[in-house]
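**Student:** Coordinates for the following, if possible.
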Amino acid sequence: SLWEGICTVTVRTNTTSQSTGRAVASEVDTYTDEPCRITFDAVSPTEPNSNAAQPIQRITLFVDRTGDIPPGSKITVTQNGVTGVYEQSGVPAVYSVHKEIPLELFKGWA
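**Tutor:** Numbers count the residues shown, from 1 in each chain. Modelled structure (predicted):
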């Protein structure tokens, strides 16, 4: 009942072109419109530096524990009428009914 958003998980795959024999990259959606929730926390850095302290934003995705989201996936989340594109930035924490996955903004395929 706490799922306020939906997410689509996209992975990048390489296939070989029959005509040229070259590898061709394509995007495949592994999950589409899955219920989820995303949260944002502002964290202050603990180490001072000579510049002004820059707050760090921590983004966490909450999803059903049964879904497998491979590292490096592109995750598109729509919640409260806002759509953002993210990628997994750490190891998921798995609980009895959900997973918590740390995210960062998607910068492009590696």
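**Student:** Let me see the ranges of the strands in this structure.
**Tutor:** Assignment of strands within the chain using DSSP state E yields the ranges 5-16, 23-43, 56-64, 74-79, 82-88, 93-94, 98-105.
**Student:** by how many degrees do the last one and strand 5-16 diverge?
**Tutor:** I take that to be strand 98-105. 70 degrees (axes from the mean of the first three to the mean of the last three C-alpha atoms, to 10 degrees).
**Student:** The second one now?
**Tutor:** Calculated by the same axes, to 10 degrees, strand 23-43 forms an angle of 150 degrees with strand 5-16.
**Student:** May I see the strands of the chain arranged in JSON lines, with mean pLDDT as well?
**Tutor:** Listed next are those as JSON lines, based on pLDDT from 0 to 100:
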{"stretch": "strand 5-16", "mean pLDDT": "91"}
{"stretch": "strand 23-43", "mean pLDDT": "89"}
{"stretch": "strand 56-64", "mean pLDDT": "90"}
{"stretch": "strand 74-79", "mean pLDDT": "96"}
{"stretch": "strand 82-88", "mean pLDDT": "94"}
{"stretch": "strand 93-94", "mean pLDDT": "92"}
{"stretch": "strand 98-105", "mean pLDDT": "93"}
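**Student:** Tabulate those (TSV), appending mean neighbour count.
**Tutor:** Where you see a C-beta, it was placed from the backbone N, CA and C, and this is true even at glycine. Compiled in TSV, those are given as follows (neighbours: other C-beta atoms under 10 Å):
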stretch	mean neighbour count
strand 5-16	16
strand 23-43	13
strand 56-64	16
strand 74-79	19
strand 82-88	16
strand 93-94	12
strand 98-105	17
